[in-house]
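S.K.: need coordinates for the following:
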Amino acid sequence: MALLSDLYHTVRIVKRETPSKVKLRKAPDQPSSTTTGPLHSTGNSIASQLQNSNSAVSISDAKQKKSINKQPTDHRYIAKILSRKDWSLLLNHELKTKRVILNAQFAVSVLQNQENPSSCLKFFTWVSNTNPSLAKNQSVRGALANTLFRKGPLVFSVELLRDVRKSGCRLTEDLLCILIGSWGRLGLAKYCGEVFGQISFLGLSPSTRLYNAVIDALVKSNSLDLAYLKFQQMSGDNCSPDRFTYNILIHGVCRNGVVDEALRLVKQMERLGCLPNVFTYTILIDGFCNSKRVDEAFKILETMKERNVSPNEATIRSLVHGVFRCMAPYKAFELLFGFVEKNPHFSKLACDTILYCLSNNSMVRETAAFLRKIGLEGYLPDSSTFNITMISLIKEFDLNETCEIFESFIKRGVKPGFNTYLALVEAVYKAGRVAEGDRFLDKMNKDGLVSNVYSYNMLIDCFCKAKMVERASETFTNMQLIGIDPNLVTFNTLITGYCKAGEVGKARELLVKLLEHGFKPDIFTFSSIIDGLCRVNQIEAAFECFTEMVEWGVTPSSVTYNILIHSLCAIGDTGRSTRLLKKMQADGLSPDSVSFSALILSFCRMKKVEQAKKLFLSMLKMDLAPESYVYSAFIKTLCESKRFDEAVEFFWSMEANGCVPDSCTCNFILDVLVQQDHFEDARNLVKSFNRRGQFIPKS
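M.R.: Below is the predicted model of the structure:
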């Protein structure tokens, strides 16, 4: 096998001899590194050749030709108009001369790209006066509301209102409702009330709709008391509360856990002739579940049936999620399973959400049993539910049963997504069932799921993870034969596969192809190669690669450093590892727990307790939580060094840092406590472990 260090001599040759026609490319679906090396300096021959290459010019020409047919909205120009005193006249002129086409797409684009919320206000008032129907368009209203929230708050000023009036435009009720909504989302409850109290100065009168907007904003601002105050003021302004008013208040009190008040409001609205609708009942169901009053949530469904109000998808979803939220998952499933059996007409609505909750709670046995049962009764999950459910089963359930369930639903017409298929293929390949994996792969191809560079990249990665690198290489070749060009991610994925398999010679060949395709190696390329070199114990060659990264304008990441630190520790070179850790910090990279762990374990093996302790404390100061196995190794080393007090101290700190000690570590500490006559502490430790169902072996 050729040494991978030779590859870098090849890289240097290719760097010098790369034809000027080659244009270095970066993968669109992979983050690029910040490059500040020789490749980007003015004196670099490759960079200068690339800038003057014919291919770059032709791409530029193509872009220019394409842009002739497409004239995007000049948002800076529109913003400049809106900043002027005569903005309304100028906008009218633009419209009259047909320099702008006033439609929903244009209005949304302008509103989304304004930095100043007052410009949004002026533009929307102009749209409202010029084309009132367009101002009622939901996408336009939504764009305004979102921009006012993102860029706001918009605060009224005398100057702004005067500016709007002088333009001949006026503030509409629609606009004020949107403004009030944005203030509510921003938590400006008091300001909502102040503006509403002065709407007569805006040329508007109180209306039920405006009251609803204010009450909704106050509820969203967690100002329920003020919302009730406005509710009580409605009659004084000759405004009658409607179903929207009550639903807003019911939602507010349910969110605050006051469900009995919600029931009182329902009775009040019924007395006034406002019948509760599906939204009212859905809010109540959610409220009862949040208050852990599940039986009453189910009774709401009975009430709906009595009053001929049909539950919608949101109603059933709220019920299922609510039951799982306030009960133990197994009890929740038992209750909902019985509900579905008694109410088959809710089956489709409920089953999708039940399956989602089962998967989310990793209840794979229940998921499989439930799928089989409802499948026999004719249930077919939607694609989204099926994908989530199958991914859960693939990860944690018996593979044979998972494959049976998967195939049974495919035969009945369910179409799995690409990721679901691929997860199953990978699991089957990893289990050594190659023929079965190939069969599923054929189905993927027949369904047209493997059709572009992104799907091929994931398939290559699947083969690499299943340690089938030759199949990954075949896939790499086949995709090019059918006209799909590999991108940088494709090369990196296969290079990583070769390196993990220890086939550094093939990784070398692939890197040359990467360069021939005009790509520039990035952080993922270099890290994979460094890892490959370290795996075959070519540490010095790995450091050559590490040095050369900078020449290519690629900055090493913490992952790159960790690979080298770990490899040096594996051969006992803790001095060089420590220097590398310091260099990492000097280069502005923050070490993670992996960076420290390898060194701490090495010092523990070498019985260098002080060095290990120093690193351990450094980790804790940096708010990095050591893994349980690192804690265990360090505590064991302290015990073996007769530093019992420190061992006990670090043991008690484990759980405080989110680590659960294993039985062996506990046994070490138990012996220490007994030796020091701390019998009460020893008994408490045993009790604590017994509560968790763990066993402390006898030494």
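S.K.: can you name the residues that contact residue 216?
M.R.: 181, 184, 248 (CB atoms under 8 Å, 6 or more residues apart in numbering). Backbone N, C-alpha and C define where each C-beta goes, glycine included.
S.K.: show me which of the residues you listed is closest to residue 570.
M.R.: Within the set of the contacts of residue 216, residue 184 lies nearest residue 570; the separation is 58.8 Å, counting by CB to CB.
S.K.: name the nearest residue to the closest one, ignoring sequence neighbours.
M.R.: Nearest residue to residue 184, sequence neighbours excluded (CB to CB, 6 or more residues apart in numbering): residue 217, at 2.6 Å.
S.K.: before we move on, what about residue 543?
M.R.: Nearest residue to residue 543, sequence neighbours excluded (CB to CB, 6+ apart): residue 564, at 7.2 Å.
S.K.: again, but for residue 465
M.R.: Leaving out its chain neighbours, the residue that sits closest to residue 465 by CB to CB, 6+ apart is residue 426, at 6.0 Å.
S.K.: burial count for that neighbour?
M.R.: 22 (other CB atoms under 10 Å).
S.K.: which residues does it contact?
M.R.: Contact analysis of residue 426 by CB under 8 Å, 6+ apart lists 462, 465-466.
S.K.: just the ones of the residues you listed in helices?
M.R.: Here DSSP state H is the test, and the contacts of residue 426 give 462, 465 as lying in helices.
S.K.: got phi/psi on the nearest residue to residue 418 once chain neighbours are set aside?
M.R.: Spatial nearest neighbour of residue 418, chain neighbours left out: residue 449 (4.6 Å); criterion: CB to CB, 6+ apart. According to degrees, to the nearest 10, the main-chain angles of residue 449 amount to phi -80, psi -20.
S.K.: returning to that earlier point: and which of the contacts of residue 426 is nearest residue 504?
M.R.: Nearest member of the contacts of residue 426 to residue 504, counting by CB to CB, is residue 465, at 18.8 Å.
S.K.: any idea how many residues pack against that closest one?
M.R.: If you count neighbours by other CB under 10 Å, residue 465 ends up with 16.
S.K.: what's the answer for residue 124, then?
M.R.: Applying other CB under 10 Å, we find 28 other residues in the vicinity of residue 124.
S.K.: what helix or strand is it on?
M.R.: helix 117-130 (DSSP states H and E).
S.K.: other residues contacting that helix?
M.R.: Looking at helix 117-130 with CB under 8 Å, 6+ apart, the contacting residues turn out to be 78-79, 82-83, 87-88, 91-92, 95, 102, 107, 110-111, 114, 134-135, 140, 144, 147-148, 151-154, 160, 163-164, 167-172, 174-175, 178-179.
S.K.: of those, which belong to helices?
M.R.: Counted as lying in helices by DSSP H, out of the contacts of helix 117-130, are 78-79, 82, 87-88, 91-92, 95, 107, 110-111, 134-135, 140, 144, 147-148, 151, 160, 163-164, 174-175, 178-179.
S.K.: just the buried ones from those?
M.R.: Neighbour-count burial (16 or more other CB atoms under 10 Å) is assigned, among the ones in helices among the contacts of helix 117-130, to 78-79, 82, 87-88, 91-92, 107, 110-111, 134-135, 140, 144, 147-148, 151, 163-164, 174-175, 178-179.
S.K.: which helix or strand in the protein has the lowest average pLDDT?
M.R.: helix 45-51 (a mean of 27; mean pLDDT, DSSP states H and E).
S.K.: picking that back up, tell me the pLDDT at the residue nearest to residue 465?
M.R.: On pLDDT, residue 426 comes in at 95.
S.K.: what helix or strand is it on?
M.R.: Residue 426 belongs to helix 418-430 when assigned by DSSP H and E.
S.K.: can you give me the buried ones in that helix?
M.R.: Residues of helix 418-430 classed as buried by neighbour count (16+ other CB under 10 Å): 418, 420-429.
S.K.: try stretch 173-193
M.R.: The neighbour-count check on stretch 173-193 (16+ other CB under 10 Å) flags 174-186, 188-189, 191-193 as buried.
S.K.: distance between the ends of stretch 547-567?
M.R.: Taking CA to CA, to the nearest Å, the span from the opening residue of stretch 547-567 to its closing residue is 16 Å.
S.K.: check stretch 350-369 too.
M.R.: The first and last residues of stretch 350-369 sit 16 Å apart, counting by CA to CA.
S.K.: tell me how many other residues crowd residue 157.
M.R.: Using other CB under 10 Å as the criterion, residue 157 is surrounded by 10 other residues.
S.K.: now it: how far from residue 190?
M.R.: Counting by CB to CB, to the nearest Å, the separation of residue 157 from residue 190 is 17 Å.
S.K.: what's the answer for residue 648, then?
M.R.: Distance check for residue 648 against residue 190: by CB to CB, it reads 55 Å.
S.K.: same deal with residue 527?
M.R.: Distance of residue 527 to residue 190, computed by CB to CB: 54 Å.
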